[in-house]
Structures are given as structure tokens and as C-alpha cells.
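> quick check, what structure comes out for this input:
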Amino acid sequence: MTTKRLFLKTALSLIAAASGAPAWAADTSPIKIGLILPMTGQSASTGRQIDAAVKLWMAQNGNKIAGRTVEVILKDDGAVPDATKRIAQEMIVNDKVAVIAGFGITPTALATAPLATQSKTPLVVMAAATSSITEASPYIVRTSFTLPQVTIAIADWAAKNKIRRAVTLVADYGPGFDAEKFFDSQFRLDGGQILDKLRTPLRAPDFAPVLQKVIDTKPDALFVFLPSGQGAAFMKQFAERGLDKSGIRLIATGDVTDDDQLADMGDVALGVVNSHHYSAAHPSATNKKFVEAFQAANKGMRPNFMAVGGFDGMRVIYKALETTKGAGGEALLNAMKGQIFESPRGPVLIDGQTRDIVQDVYIRKVERVPSMGNGLYNVEFDVIKAVKDPGKTK
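Next comes the predicted model:
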């Protein structure tokens, strides 16, 4: 037996010498992260914000995990689901990525979900917000938010602040359906009445016809959800049709008063009450540090809720990769579940059961903030702590 073991040891040493590396050498190949974002088209602001946040995370935390280089492969899908699916397949098969991330809108995440399941590749949603996304694959983890999380909060606030009759206006796709459904159910539960439900196309919407319907209906308030990037155009038409002086209150999810566009909206946005999970004005030391670093790295660009979804997404990926020492698959997915940390938005948890984010939701009002250059900001005045996705608890 001793002679046999010696022979095997010698043979292994010869093979190692021939290959130029010891037989026990650790894997030194790059750890690849596939990042799929809409860098062009209507949702380009989402891609720009997340890409900047990913770069900031890596600048602050380095590009080495377990002795291996971390490589981010960024591809533009233009928010077109067929393109997203093709790119994801190429990343999984050809690039051998350990994880795919990004996903600016719901249809792109849903198009890719079957690939994540088939290949056992964790998929981190940094933006898309339809409640059901995490149910489309057991390999999906979300670091953004869900529309039910932020919608119930503003519906509840409205009913408690003398708003009795409302009209809803949402984009005609998954998150819009969630916003419409959960605002309606919570507002009516609190004693309110929905007078009309209006929808606008996801691409190239014209708000004039639906705003005229609002004028004709004369509600106490108009509740609005629109995807990131459409808020400025909506607010312009809202003012042009005189709704800002009509006595009809505008309430919204924070996508409408997006930090990325708020400075361009002007005084029409002042006083708009909205609910969301992140504001650049969030008064924590962690957020102040994040905003300063983000703006310094991006020529003064203000981070929005998409940026924080990307930043925290990289945190979840990095910490999981550190736990698995670079291994992917089921082990990487399990290492993402249950993570608890302090985000620029506040305390968050990746729920181990749903793989969705649990986070604080804030009620905010758009105000000018003298201490921040007199710019327009979503200033928080109330908070609902540790909100799970109501779409999964009902």
C-alpha cells in the first residue's frame, strides 16, 4: 500500500509540474457578474443610475473576492424583453456568469426567470417592482421594492387626511396593476371612494386625455404611479392643464417625484405627498456618505431609488460570494437569503422565505431644502417600519 500511495503522489506531482501549477491550486478564474440594464431608450435613466451605483460599490469595496477578480459584464437591453432573454442566455452559457442582475422593468425580469431556474443561476432584481416577480423563479432575489409596499402607505395616509374621493392613474403594465389594485383596496377599506381608474401606455404616453378626465371627474385627489423617467413629462402636463391650481390634490408613489428628475420639475412638484422607500434627503449618516460619494463620482448627479437598488444589490452579491468563496448556484442563492444590513435607505432584510426585500417605507412631501442648496427634495415626515410585500401576505 505504501508503494502504491508513493506512486500516486509522484504521478500527481508530475502532472502538476507539467501543468505549471500545484495539484491543490485554488480556482483563480474571474468571478463574473452579468449586469443587464436599459442604457438606451425610455428607461435609460434607470440604467444610468444603477450602472453608476455598481461602479461606486466596486470602487469602495474592491474587485477581489476569495483571491479572485470580480468582473462585471454590462449589456444594454433597451428594456426589450426578447433582448434581455438573449443577453442572459449568452451570459450564462458563454460567459459562465455566477449571477445575473439589473432588470429595469418587470417584463425583462419575467422573460429571464426561466433561464435562471434552468441553469440554477441566481438572478438579482435591482429595479423591477411587480410583486409576483420573485415567484417566477426560486432563484430570484430582489433588492429594489414592490409597488404594494409603497402604495398601501399612501392610500392609508390619504384616507386619514380628509381625502374621500379619488381617481387612480397608473402605467398600463405589471407594477401599474399592482399600484391600482392595492391603492383601491386599502383606500376603500379606510372608507374612501374610487371614482375612476385610468391607465396610460408604458411607452410614449400622452397624459392630456386622462388628465382631462380627471378635471371632469373632480375628485379630492389624483393618485399616480408612473415608472422611473416619466415623472417630469407628467408634471409638465399636469401644470399645463391647470390641475396644480384646481384644488385636486396630487398624491403618488415616489417614482413620480423621482430624485433623478425632481430638479427639472419646478414649483409644480412642491407639496406633492408621496410614499417610497428611498430619498436622497434621507437623514442618516449612511445615506449622507452614499450621496456625497455618488455625486462626487458622477459630476453631481443625484442618486435615486434605482441607484440604491443597484448599490444594495452589489452588497448582497458580494457578501454572498464571500460566504461561498466564489461558488455560484444553490450555495450562492442560500448565502443571499436572510442578509440584514444598514442601507442608505435604512435597515433592510432579504426575506429568507420569499427572497424579497423587507424595508421601511416613508411618507414624504416635496419641499425646497435651504441646507441642500435650496433644491427640491422628498422630505420624509412619517415612516412605516419593516414593511413586507403585502402582495405576498394577503
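> any idea how far the closest residue to Asp360 other than its chain neighbours lies from Asp382?
Excluding the flanking residues, the one nearest Asp360 by CB to CB, 6 or more residues apart in numbering is Gly346, at 4.4 Å. C-beta coordinates here come from the backbone N, C-alpha and C atoms, glycine included. Computed as CB to CB, to the nearest Å, the Gly346 to Asp382 distance reads 13 Å.
> secondary structure element holding Ser275?
Using DSSP states H and E, Ser275 maps to strand 273-276.
> touching that strand from outside, list them.
Strand 273-276 is touched from outside by 145, 150-151, 153-154, 157, 249, 251-257, 305, 361-366, 378, with contacts defined as CB atoms under 8 Å, 6 or more residues apart in numbering.
> just checking, Ala293 touches Leu56?
Yes: Ala293 lies in contact with Leu56 (CB atoms under 8 Å); the separation is 6.0 Å.
> between the two, which has more neighbouring residues?
Neighbour count, other CB atoms under 10 Å: between Ala293 and Leu56, Leu56 has more, with 21 against 16.
> which residues touch that one?
Residues in contact with Leu56 (CB under 8 Å, 6+ apart) are Ala293, Phe294, Ala297, Phe311.
> show the buried residues in those.
Ala293, Phe294, Phe311 (16 or more other CB atoms under 10 Å).
> what's near enough to touch the first one?
The one in question is Ala293. Contacts for Ala293 (CB under 8 Å, 6+ apart) come out as Leu56, Gln60.
> show residues contacting whichever helix or strand Ala155 is part of.
Per DSSP H and E: Ala155 is located in helix 147-159. Helix 147-159 has contacts (CB under 8 Å, 6+ apart) with 129-131, 166, 175-176, 178-179, 181-183, 186-187, 190-192, 221, 223, 225, 251-254, 273-277, 359, 361, 363, 382, 384, 387-391.
> quick one, which of those are buried?
The buried subset of these (16+ other CB under 10 Å) comprises 129-131, 166, 175-176, 178-179, 181-183, 186-187, 192, 221, 223, 225, 251-254, 273-277, 359, 361, 363, 384, 387-391.
> narrow those residues to those in helices?
With DSSP state H as the criterion, helices contain Pro175, Gly176, Asp178, Ala179, Lys181, Phe182, Phe183, Gln186, Phe187 from among the buried ones among the contacts of helix 147-159.
> pretty sure the fourth one contacts Gly254?
Translated: Ala179. No: if you go by CB under 8 Å, Ala179 and Gly254 don't touch, sitting 11.5 Å apart.
> would you list the phi and psi of Asp351?
Dihedral pair for Asp351: phi -60, psi 120, per degrees, to the nearest 10.
> that one contacts Val387, doesn't it?
No: judged on CB under 8 Å, Asp351 makes no contact with Val387 at a distance of 11.3 Å.
> what's the overlap in contacts for these two?
With CB under 8 Å, 6+ apart, Asp351 and Val387 have common neighbours Val358.
> next helix or strand past the lowest-mean-pLDDT helix or strand in the chain?
The helix or strand of the chain with the poorest confidence is helix 2-19; it has a mean of 43 (mean pLDDT, DSSP states H and E). For helix 2-19, the succeeding helix or strand toward the C-terminus, using DSSP H and E, is strand 31-37.
> same for that next one, what does it pack against?
helix 44-61, strand 68-76, helix 81-90, strand 99-102 (3 or more CB pairs under 8 Å, 6 or more residues apart in numbering; DSSP states H and E).
> please identify the most buried of those.
When these are scored by mean count of other CB atoms under 10 Å, the highest mean neighbour count falls to strand 99-102 (a mean of 29).
> for this protein, which helix is longest?
Using DSSP H, we find that the single longest helix of the chain is helix 305-324.
> now it, how far from the chain's geometric center?
Taking the mean of its C-alpha atoms, helix 305-324 sits 12 Å from the chain's own mean (CA atoms, centre = their mean, to the nearest Å).
> give the buried residues for that helix.
Neighbour counts over helix 305-324 (16+ other CB under 10 Å) mark 305-318, 320-321, 323-324 as buried.
> same question for stretch 241-261.
Within stretch 241-261, judged by 16+ other CB under 10 Å, the buried ones are 243-244, 248-261.
> surely Ala293 is in a helix?
Yes: counting by DSSP: H, G, I helix; E, B strand; the rest coil, Ala293 is found in a helix.
> so where's this protein uncertain?
Counting by pLDDT under 70, the chain has low-confidence residues at 1-26, 393-394.
> if we use 50, what do you get?
Flagging of the chain using pLDDT under 50 yields the residue ranges 1-4, 6-21, 23-24, 394.
> give me the element Pro114 is part of.
helix 106-119.
> distance between that helix and the chain's centre?
Worked out by CA atoms, centre = their mean, helix 106-119 lies 16 Å from the chain centre.
> next, the angle from that helix to helix 81-90.
30 degrees (axes from the mean of the first three to the mean of the last three CA atoms, to 10 degrees).
> can you give the contact residues for helix 106-119?
36, 38, 77, 79-82, 84-85, 88-89, 92, 100, 103, 121-123, 125, 128-130, 133, 136-140, 173-175.
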